[in-house]
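>>> sharing a model prediction with you, sequence too.
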Amino acid sequence: MASYQKGASGLTDGAGIQNSFSPRQVQSRTSVVDVVKTIDSRRQLKKAPVAKRKPKKILLKDDFGDPIRWVWQDGNA
């Protein structure tokens, strides 16, 4: 088994190594203060809470008033 020194490369004299650094165009920056203000203003615009109706359990009775069974009725009805 061959031993290699730390940092050794299989390339001869560094041939084929490309410079990974490429200058980028300067991007415009967004002010964090403006973004935070926008988010806070959205938080303050709260929507009216929607009332959720729970289903009701209703007892069905026969003609004589004797219980037959329980049924669930949708809360929106």
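Arrived safely, thanks for sending. Numbers count the residues shown, from 1 in each chain.

>>> tell me the secondary structure at the residue of the chain most remote from its centre.
The outermost residue of the chain relative to its centre, with distances by CA atoms, centre = their mean, is F64 at 55.8 Å. State at F64, reduced to three classes by DSSP: H, G, I helix; E, B strand; the rest coil: coil.

>>> what's the answer for the one 5 residues further on, then?
Under the three-state scheme (three-state DSSP), the conformation of R69 reads as strand.

>>> doesn't K57 lie inside a strand?
Yes: when three-state DSSP is applied, K57 is found to be in a strand.

>>> so what pLDDT did it get?
Here the pLDDT value assigned to K57 is 93.

>>> could you do Q18 as well?
For Q18, the model assigns a pLDDT of 62.

>>> before we move on, what about the one 3 residues further on?
Looking at F21, its pLDDT is 62.

>>> quick one: pLDDT of the residue farthest from the centre of the chain?
93.

>>> ok, now W72?
For W72, pLDDT reads 93.

>>> part of a strand, is it?
Yes: counting by three-state DSSP, W72 is found in a strand.

>>> right, and it touches K57 too?
Yes: taking contacts as CB atoms under 8 Å, W72 lies within contact range of K57: 5.9 Å. To be clear about C-beta, it is placed using only N, CA and C from the backbone, and glycine gets the same treatment.

>>> intersection of neighbour lists for the two?
Common neighbours of W72 and K57 (criterion: CB atoms under 8 Å, 6 or more residues apart in numbering): none identified.
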